[in-house]
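Q: Have a look; sequence and predicted model below, questions after that.
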Amino acid sequence: MAGRTGEKDDWWVSIPKIELHAHLNGSIRDSTLLELAKSLGEKGSIVFADVEHAILKDDRTLTEVFKLFELIHIVTTDHNILTRITKEVVEDFAAENVVYLELRTTPKKNASIGMSKPSYMEGVIEGLRAVNAVEVALAPHCLGKKGKPFNSGCVCGTPRKRIYIGLLLSIDRRETTASAMETVELALQMRDMGVVGIDLSGNPTVGEWCTFLPALDFARKNGLRITLHCGEVPNLDEIQAMLDFVPERIGHACCFGEEEWKKLLELKIPVEICLTSNIRTETISSIDVHHFVDLYKAEHPIILCTDDAGVFSTSLSSEYILAASTFGLGKQKMLQLAEKAIEFTFADEEVKEELRQIFDSAARTARRDDLMRKEEE
Ligand code: 6MZ
């Protein structure tokens with residue numbers, strides 16, 4: 001993923017960035033997905049020739065995306081594979097200078113391989129421990145011994161870059177109330193393992209808001225933060241109900257009517273914006289009419305995110321380049337946009353303060369480079 005931008009895009013890769021909307025299995029590397037699918041094909045569990053096209057295809061409607069997720073889940077729902085994917089995804093984000101990553105995933109069960117929701121998450125946590133390229137620090141700072149990385153691999157004597165990680169447990173819209181409640185209970189048990197909140201996601205044409213509300217209420221009462229996929233399809237009653245819940249953040253906000261816009265702006269709920277995802281899935285007809293621009297002009301809190309960097313062949317740097325070039329925003333403005341995301345993370349104040357220092361230093365470097373360039377001209 002990090003390699004998807006070219007040399008002229010180095011600046012965008014080099015600036016610190018915050019990723020708040022990334023689905024673990026959607027961020028899988030193409031190369032890993034192909035390799036794993038081939039290996040399942042060789043074992044006779046799937047017919048590789050049938051799935052190769054689905055994996056390599058670039059443009060997918062929302063329905064096709066959820067079909068692809070079914071395939072991805074067949075390939076990845078295994079403890080060791082989850083560990084590998086988690087490690088790779090974190091290292092890919094770190095390679096493009098994501099300094100704080102909120103990674104979300106749906107805990108799954110698969111009795112045939114002895115997988116429960118807790119053991120699924122153990123696979124993910126092992127992946128965080130396996131990260132080599134950077135130091136992993138969990139978002140609630142008070143958890144670990146201060147200054148001690150969560151991962152064990154070390155580059156002797158050489159200080160490594162650090163990435164802060166917060167985990168969000170996702171509830172899939174296909175789940176029952178009981179299953180959603182189970183996920184929230186697991187999230188509460190895992191607060192000392194970097195879990196900071198709950199996400200509601202999955203095929204937006206499936207399931208009812210009232211099914212998930214008891215679990216989301218319970219999560220909130222117990223101090224978990226909540227982000228909802230909201231308005232990926234035009235279901236205005238549901239959008240209204242979700243806004244009335246006043247989640248800490250929402251994702252997408254593509255298919256809002258006038259009333260819903262008004263409410264969103266009044267409530268100032270931060271929006272996770274996923275440009276490439278919205279265009280590829282055709283939830284927005286073209287990039288120049290994307291609501292990013294209206295929200296940006298209204299100074300509404302927004303955060304640029306990838307959604308599914310693997311599935312949509314994108315990276316966070318590419319999303320910044322796309323926004324800057326489409327909406328005519330200069331580097332200074334984009335760096336400010338990146339920095340503002342700090343306030344919308346589910347991290348504690350101590351981590352936020354460390355992130356502020358990282359961004360202050362990046363802003364100083366950017367100003368100095370600007371001055372030097374002007375002197376040379
Ligand atoms: C809604 C999405 C999504 O949880 O297995 N997911 N839900 N809208 C989207 N926009 C395209 N992209 C991904 O990651 C994959 C799961 O995340 C949700 C879906 O439930 C998908 O199955 P995990 O790690």
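A: Structure received.
Q: only C-alpha atoms for contact and neighbour calcs from this point on.
A: Fine.
Q: buried ones in the top helix by length along the chain?
A: Longest helix in the chain by number of residues (criterion: DSSP state H): helix 349-376. Buried positions in helix 349-376, judged by neighbour count with 16 or more other Cα atoms under 10 Å: 351, 352, 355, 356, 358, 359, 362, 363, 366.
Q: How about stretch 161-170?
A: 162, 163, 164, 165, 166, 167, 168, 169, 170.
Q: Please identify the helix or strand for the second one.
A: Secondary structure here is read from DSSP states H and E; on that basis residue 163 sits in strand 162-172.
Q: May I have that strand as PDB, with CA atoms only?
A: Extracted C-alpha coordinates of strand 162-172, given in PDB (Å, rounded to 0.1, in the frame of the first residue of the first chain):
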ATOM      1  CA  ARG A 162       6.500   4.700  16.900                       C
ATOM      2  CA  ILE A 163       2.900   4.000  15.900                       C
ATOM      3  CA  TYR A 164       0.100   4.400  18.300                       C
ATOM      4  CA  ILE A 165      -2.700   1.900  17.900                       C
ATOM      5  CA  GLY A 166      -6.300   1.900  19.100                       C
ATOM      6  CA  LEU A 167      -8.500  -1.100  18.300                       C
ATOM      7  CA  LEU A 168     -12.200  -0.800  17.500                       C
ATOM      8  CA  LEU A 169     -14.400  -3.900  17.500                       C
ATOM      9  CA  SER A 170     -16.900  -3.900  14.700                       C
ATOM     10  CA  ILE A 171     -20.400  -5.200  14.900                       C
ATOM     11  CA  ASP A 172     -21.500  -6.600  11.500                       C
END
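Q: C-terminal to that strand, what's the next element?
A: helix 177-189.
Q: Show me what that following helix is packed against.
A: Counting contacts by 3 or more Cα pairs under 8 Å, 6 or more residues apart in numbering; DSSP states H and E, helix 177-189 is packed against helix 117-130, strand 162-172, strand 195-201, helix 209-221.
Q: Any idea which of those gets closest to the ligand?
A: Comparison of those against the ligand by Cα to the nearest ligand atom identifies strand 195-201 as nearest, at 4.1 Å.
Q: any idea of the mean pLDDT for the closest one?
A: The pLDDT scores in strand 195-201 average 98.
Q: Pairing partners for it, with directions?
A: Strand 195-201 has the following sheet partners, assigned by DSSP bridges: strand 162-172 (parallel), strand 225-230 (parallel).
Q: sorry, back to before: flag the least confident of the buried residues of stretch 161-170.
A: Across the buried residues of stretch 161-170, the smallest pLDDT goes to residue 162, namely 93.
Q: quick one: contacts for it?
A: Residues in contact with residue 162 (Cα atoms under 8 Å, 6 or more residues apart in numbering) are 99, 134, 135, 136, 137.
Q: Any idea how many residues pack against the last one?
A: Each residue near residue 137 was counted by other Cα atoms under 10 Å, and the total is 24.
Q: cool, the fourth one as well?
A: In terms of burial, residue 136 registers 27 neighbours under the definition other Cα under 10 Å.
Q: Am I right that it is in a helix?
A: No - assigned with DSSP: H, G, I helix; E, B strand; the rest coil, residue 136 falls outside any helix and is strand.
Q: In this structure it contacts residue 160, no?
A: No - using Cα atoms under 8 Å, residue 136 is not in contact with residue 160, being 9.6 Å away.
Q: near the ligand, which residues of the stretch 101-250 of the chain?
A: 105, 106, 172, 201, 202, 203 (Cα under 6 Å from any ligand atom).
Q: would TSV of the residues you listed with neighbour count be doable?
A: Listed next are those as TSV, based on neighbours: other Cα atoms under 10 Å:
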residue	neighbour count
105	22
106	22
172	23
201	20
202	18
203	17
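Q: Now compare those and name the two farthest from each other.
A: Distance extremes for those: the farthest pair is 105 and 203 at 14.3 Å, using Cα to Cα.
Q: how about the strands of the chain, start to end?
A: Secondary structure of the chain (DSSP state E): strands at 17-23, 98-105, 135-138, 162-172, 195-201, 225-230, 249-252, 271-273, 302-304.
Q: Quick check, residue 170 in contact with residue 103.
A: No - using Cα under 8 Å as the test, residue 170 is too far from residue 103 to be in contact (9.9 Å).
Q: any weak-confidence spans in the protein?
A: The model of the chain has pLDDT under 70 over residues 1-8, 141-147, 152-159.
Q: give me that answer again for 50
A: The chain contains residues with pLDDT under 50 at 1-4.
Q: Please enumerate the helices of the stretch 1-150 of the chain.
A: Counting by DSSP state H, counting those that start in this stretch, residue ranges of the helices within the stretch 1-150 of the chain are 10-14, 30-42, 48-56, 62-76, 79-95, 117-130.
Q: Mind putting these into JSON lines with mean neighbour count?
A: Shown next, in JSON lines, are those (neighbours: other Cα under 10 Å):
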{"stretch": "helix 10-14", "mean neighbour count": "17"}
{"stretch": "helix 30-42", "mean neighbour count": "17"}
{"stretch": "helix 48-56", "mean neighbour count": "13"}
{"stretch": "helix 62-76", "mean neighbour count": "16"}
{"stretch": "helix 79-95", "mean neighbour count": "22"}
{"stretch": "helix 117-130", "mean neighbour count": "20"}
